[in-house]
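Novice: Have a look at this prediction, sequence included:
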Amino acid sequence: MDIKFLAEQIFKTAVESVLPEKMIHRQVALKNSILCISGMPIPLDNINHIYLIGAGKASAAMAKEFENILGKKISGGHVVVKYGHACKLQYVDLSEAGHPIPDINGQRATKKILDIAKHASENDLVICLISGGGSALLTDIPDQSKIEDIINLNDLLLKSSADIKEINTVRKHLSKIKGGQLATAAYPARLICLILSDVVGDLLEVIASGPTVPDTTTYEDALKVLEKYNLLSWVPNSLINYLEKGKEGIYPETPNKGNPLFNRTQNVVIGSNKIALDAANQKATSLGLNSFVSTSELAGNVIETAHALIKTAITAQNDKSIKKPYCLLFGGETTIKINGTGTGGRNQHLALYASLLLKDKNGITFLAAGTDGTDGPTVAAGAIVNTKTFEHALSIGLNINQYLENFDSFHFFEKVGGHIITGPTMTNVMDIIIIIIE
């Protein structure tokens, strides 16, 4: 039995279960002149225009499925995706832009999306398609700032150990589209947002920095995040000054709960890590494994997570009451503070550290990969390891600790093998971790 092959098949099945074409057609249907979205009937006879906007790694693929359903009924629109995640669209304009670090193309696309939202009137329908990556792709700059300031800020935040909720708290308060402000722009048009969640707990105000949902955070919260991670002296002064003025009330807060503009907005999560894990569980069972979904809310520091997961695996291996082979499934998103100059991502780093913990533990295979197909700024989704990973590295003279210290997991797996390569999957529902215990 090729355990590594089985683990990769389980991962691929998880990803396939949350592809946009499946999620959209599960939730959206057009019959006669009635558009039904997640059980909500929308008579199109009463709609003057339908606009399609969106941001995220999956937004182009999502838009394509809406074009298949609505066709010429779409009056126009614009979506922005990460480079390499585009697909051909007929009725909606498309931009590719920087992720996870934003760029000028994202800024230009964001302006176009905002202009469409502002142009929509009371009898129009705006359909917004949001997926992971939307926070970086929806790029705008506050007053008295430059795009280089926002690029610098994002780089600092991503290299800190701040979690996505904290990062997006800062992003929302340096933007005029995030934190419910896209809903503000679209009002009084009817706005329906379909969301592929890439956030633990499917927190709407965190996914893509919540452009269409009420925001419960403040300018003061954003400043506290920067203070917590000792970034105040590193972030460009223009951005700090803007946040300080916002705290003083010079700039308005993001719209909060109770704002009447949200009476015209509906948000629907159509894909999540839970769906992917359920599909993985079914696949593992069909392959003859005793499978169990542990959690879809895995979070925390990469190193602490690796220790906890391997400890769980060893305990299960020693438990004779558990039928083997046993497959443990986890979903979520870890955090990593980067101090080295190497290349990698949180999943490759997690797998690399796990290989160190498994150096004398036979019969445990560990896979960690991102459902979007890209782990950090690399072409790999993640990596798969077992005890032979350490042995092989030793045999060719590689020191795992050196690669860990330099955060260079990508080049380690290039030499040793074990990369999970899928290419852009056009979806994103966080990470999947698969542990198979013999």
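Specialist: That came through fine.

Novice: Does E304 lie in a helix or a strand, and which?
Specialist: helix 302-318 (DSSP states H and E).

Novice: name the helices or strands packed onto that helix?
Specialist: strand 326-335, helix 346-357, strand 364-370, strand 431-437 (3 or more C-beta pairs under 8 Å, 6 or more residues apart in numbering; DSSP states H and E). Every C-beta, even on glycine, is put in place using the N, C-alpha and C of the backbone.

Novice: what comes up buried for it?
Specialist: Judged by neighbour count using 16 or more other C-beta atoms under 10 Å, the buried positions of helix 302-318 are V302, T305, A306, L309, I310, A313, I314, A316, Q317.

Novice: would CSV of the helices and strands packed on helix 302-318 with mean neighbour count, mean pLDDT and distance to T217 be doable?
Specialist: What follows is the helices and strands packed on helix 302-318, written out as CSV (neighbours: other C-beta atoms under 10 Å; pLDDT from 0 to 100; distance: least, C-beta to C-beta, whole Å):
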stretch, mean neighbour count, mean pLDDT, distance to T217
strand 326-335, 22, 96, 18
helix 346-357, 27, 98, 24
strand 364-370, 28, 98, 26
strand 431-437, 26, 98, 25
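
Novice: could you dump those to TSV with distance to A136?
Specialist: Written out in TSV, the entries for the helices and strands packed on helix 302-318 read as follows (distance: least, C-beta to C-beta, whole Å):
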stretch	distance to A136
strand 326-335	15
helix 346-357	16
strand 364-370	15
strand 431-437	17
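
Novice: mind exporting stretch 292-306 as PDB, just the C-alpha atoms?
Specialist: Extracted in PDB, the C-alpha atoms of stretch 292-306 (Å, rounded to 0.1, in the frame of the first residue of the first chain):
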ATOM      1  CA  PHE A 292     -11.800  10.700  11.400                       C
ATOM      2  CA  VAL A 293     -12.200  14.500  11.000                       C
ATOM      3  CA  SER A 294     -10.600  16.100  14.000                       C
ATOM      4  CA  THR A 295     -11.200  19.800  13.400                       C
ATOM      5  CA  SER A 296     -11.700  22.400  10.700                       C
ATOM      6  CA  GLU A 297     -10.500  25.100  13.100                       C
ATOM      7  CA  LEU A 298      -6.800  24.300  13.400                       C
ATOM      8  CA  ALA A 299      -4.900  27.500  14.300                       C
ATOM      9  CA  GLY A 300      -1.800  28.600  16.100                       C
ATOM     10  CA  ASN A 301       2.000  28.800  15.600                       C
ATOM     11  CA  VAL A 302       3.500  26.300  13.100                       C
ATOM     12  CA  ILE A 303       6.000  24.800  15.600                       C
ATOM     13  CA  GLU A 304       3.500  24.300  18.400                       C
ATOM     14  CA  THR A 305       1.000  22.900  15.900                       C
ATOM     15  CA  ALA A 306       3.500  20.400  14.600                       C
END
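
Novice: Give me the pLDDT value at the residue of the chain most remote from its centre.
Specialist: The outermost residue of the chain relative to its centre, with distances by C-alpha atoms, centre = their mean, is K320 at 37.7 Å. Per-residue confidence at K320 stands at 97 (pLDDT).

Novice: for it, helix, strand, or coil?
Specialist: Reducing the assignment at K320 to three states with DSSP: H, G, I helix; E, B strand; the rest coil gives coil.

Novice: mind checking how far it is from L232?
Specialist: When distance is defined by C-beta to C-beta, to the nearest Å, K320 is 54 Å away from L232.

Novice: For the residue positioned nearest the centre of the chain, what is the enclosing helix or strand?
Specialist: Note on the chain: the residue nearest the mean C-alpha position is G132, at 3.2 Å, using C-alpha atoms, centre = their mean. Following DSSP H and E, there is no helix or strand that holds G132.

Novice: my read: it touches D431, true?
Specialist: No - contact between G132 and D431 fails when scored by C-beta atoms under 8 Å: they sit 10.7 Å apart.

Novice: which outside residues touch stretch 382-395?
Specialist: With C-beta atoms under 8 Å, 6 or more residues apart in numbering as the test, stretch 382-395 has contacts from 3-4, 7-8, 345, 347-348, 350-352, 354-356, 358-362, 364-370, 375, 399-400, 409, 412-413, 415-420, 431.

Novice: Where does pLDDT dip in the stretch 301-438 of the chain?
Specialist: Low-confidence segments of the stretch 301-438 of the chain, defined by pLDDT under 70, are absent.

Novice: circling back to that earlier point, what's the spacing between the helix holding E304 and its chain's center?
Specialist: The chain centroid and the centroid of helix 302-318 are separated by 25 Å under C-alpha atoms, centre = their mean, to the nearest Å.

Novice: just stretch 238-249 next, same as before
Specialist: The chain centroid and the centroid of stretch 238-249 are separated by 28 Å under C-alpha atoms, centre = their mean.

Novice: Going by neighbour count, list what's buried in that stretch.
Specialist: By neighbour count with 16+ other C-beta under 10 Å, stretch 238-249 contains the buried residues S238, L239, I240, Y242, L243, G246, K247.
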